[in-house]
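Asker: Below are the sequence and a predicted model; questions follow.
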Amino acid sequence: MSAQSTKRNFQHLSAVLSLLGATGLSSTSAWAEQSPYYYGVSLGLSHVSNLYRVSENPNSDNVTTAALLGGIDQHIGRQRVFIDASVQTNRYQTNSALNNISYNLKGGLDWSTIGNLSGTISAGGSQALANYNVASSGIVPVFAKNIETDRQINSVTRLGLVTKLTLEGTVGANQRRFTLLEYSPLAFDQLHYSLGLFYQSSADLRLGIAARRTNTSYPSYFQLTPAPNQTFGPAKYQRNDIDLTANWTISGKSNLFGRVSTGRQTRTLGPEDHFSGLTGQLIWNWQPTARWNISTSVSHDTGLESSLFQSGPISTNYDQNRITNAGQININYELSPKVTIFGNASLSNSDRKQALENTGLNAYPYDHDKAYSLGINWAYSRSISLACQFGHNSRDSSTPYYVYTANSFGCTGQILVR
């Protein structure tokens, strides 16, 4: 980005913030009591050092993102309705073919009856430029616009029994699609449901056991014929788990959640492929003082069930044929009533032995992803804020073209009126 171009972009950002700041400040008295509705805008400028996440000839670019934000969080009697939505236009200075409109929408209803029946119904959807170089076997790096669309719907129903026991049932569906044909093997439809019994032994400890079933269908999982007229064959997976969970409030400053699961996953359509064993997750939230907030998580799981609890697109597992051990830490520190420093770091080690077992490779197949970021947020007022962040992502892999290093930095100004 040239010096004149950079100056114009930041002048544009300053002008928008000044105009909207006047609007936000003039409405402070009118919003003295927080409204259930909120709306706003944001403008961000960022630089990415390796846009396509390739091992050689990294591609850098500058990105301008403008967004509209809005939502509602409203109690209606015993019920609560919540919606959060944003739409962004993303413009690339050099790689203009990647310009796109992205969005994120989520909402739901917390409901309860006069008796002991309650629950939550939620749904969401998002569209964005997909992560490049996702380290999935058989997918080589691509250099074209690839839009990922995700949709999900979930329902949780709880029946409080006479004692300290609660019966809880869940059902949900997820869907993922890509616009590039090369990413067709990663598109899926998933249905999951569970039934569990939970025991609240005290105000600080909740124990549970649940049976969980997950059915995943890949419309185009493996390639049947080569390019340019390539075709794909479908695959289906079925997974059964028994989950043991514990949620323990150690003190007013510390909370621990753990899950240990034993289960088996089999492919019900397509070549034989299965997994059985123990998986699990451990999450610790700790607030040592009023200024500090620290959360850590570790997990051991397979494919789509891997969960990093990440605050950004650090690493995403799209396929079934891998075992991932992952850990992450997120830290927030309130430097002053208006300034907050935040950072996170993550590490994930994926074993692709099953994915590559038929390739004839003798080397141990693996992917080691690392990421960290550091940022600062300044709240000029209740409505106006400015955040700047630096991030680093890298991967070491047994497959040479999956190896990459990428850095990014940028700032975003936001006006949010409540």
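Answerer: Okay, I see it. Numbers count the residues shown, from 1 in each chain.

Asker: so who does the residue of the chain positioned farthest from its centre touch?
Answerer: Distance to the chain centre peaks in the chain at Val162, reaching 37.4 Å (criterion: CA atoms, centre = their mean). Contacts for Val162 (CB atoms under 8 Å, 6 or more residues apart in numbering) come out as none. Yep, even glycine has a C-beta here, placed from its N, CA and C like the rest.

Asker: so where's the stretch 251-400 of the chain shaky on pLDDT?
Answerer: For the stretch 251-400 of the chain, the stretches with pLDDT under 70 are 303-321, 352-364.

Asker: how about the strands in it?
Answerer: All strands of the stretch 251-400 of the chain, identified by DSSP state E, counting those that start in this stretch, fall at 254-269, 274-286, 292-302, 323-334, 339-351, 366-379, 384-397.

Asker: Let's have those strands in CSV, adding distance to Gly413 and mean neighbour count.
Answerer: Output for those, formatted as CSV (distance: least, CB to CB, whole Å; neighbours: other CB atoms under 10 Å):
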stretch, distance to Gly413, mean neighbour count
strand 254-269, 33, 16
strand 274-286, 29, 16
strand 292-302, 23, 18
strand 323-334, 20, 18
strand 339-351, 15, 19
strand 366-379, 10, 18
strand 384-397, 5, 18
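
Asker: quick one: which of those strands is nearest Arg158?
Answerer: When the strands of the stretch 251-400 of the chain are ranked by proximity to Arg158, the top entry is strand 254-269, at 17.3 Å, counting by CB to CB.

Asker: if we can go back for a sec, what's the helix or strand for the residue farthest from the centre of the chain?
Answerer: Under the criterion DSSP states H and E, no helix or strand holds Val162.

Asker: measure it to Pro219 for me?
Answerer: Going from Val162 to Pro219 by CB to CB, to the nearest Å gives 47 Å.

Asker: again with Leu117
Answerer: 37 Å.

Asker: When those two are compared, which one has more neighbours?
Answerer: Counting neighbours by other CB atoms under 10 Å for Leu117 and for Pro219 shows that Pro219 has the greater number, 15 against 12.

Asker: Tell me which residues touch the more buried one, please.
Answerer: 184, 187-189, 232, 234.

Asker: quick one: which of the residues you listed is nearest Tyr333?
Answerer: Set against Tyr333, the nearest of the contacts of Pro219 by CB to CB is Phe188 (38.8 Å).

Asker: wait, isn't that closest one in contact with Phe178?
Answerer: No. Using CB atoms under 8 Å, Phe188 makes no contact with Phe178, being 10.5 Å away.

Asker: between those two, who's got more neighbours?
Answerer: Phe188 (23 against 17).

Asker: For stretch 227-239, buried residues please.
Answerer: Across stretch 227-239, burial judged by 16 or more other CB atoms under 10 Å covers 232-233, 235-239.

Asker: Please pull up the helix or strand immediately following the one helix or strand Ala123 maps to.
Answerer: In this assignment (DSSP H and E), Ala123 forms part of strand 117-129. Downstream of strand 117-129, the first helix or strand assigned by DSSP H and E is strand 147-160.

Asker: next one: that next one to chain centre, how far?
Answerer: 14 Å (CA atoms, centre = their mean, to the nearest Å).

Asker: okay, the angle between that strand and strand 117-129?
Answerer: Counting by axes from the mean of the first three to the mean of the last three CA atoms, to 10 degrees, strand 147-160 lies at 170 degrees to strand 117-129.

Asker: and strand 147-160, what's its mean pLDDT?
Answerer: Averaged across strand 147-160, the pLDDT comes to 95.

Asker: Can you give the strand pairings for that strand, parallel or anti for each?
Answerer: Within its sheet, and counting by DSSP bridges, strand 147-160 is paired with strand 117-129 (antiparallel), strand 165-178 (antiparallel).

Asker: Kindly reformat these as JSON lines containing mean pLDDT and distance to Gly277.
Answerer: Below are the strands paired with strand 147-160 laid out as JSON lines (pLDDT from 0 to 100; distance: least, CB to CB, whole Å):
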{"stretch": "strand 117-129", "mean pLDDT": "96", "distance to Gly277": "30"}
{"stretch": "strand 165-178", "mean pLDDT": "95", "distance to Gly277": "23"}
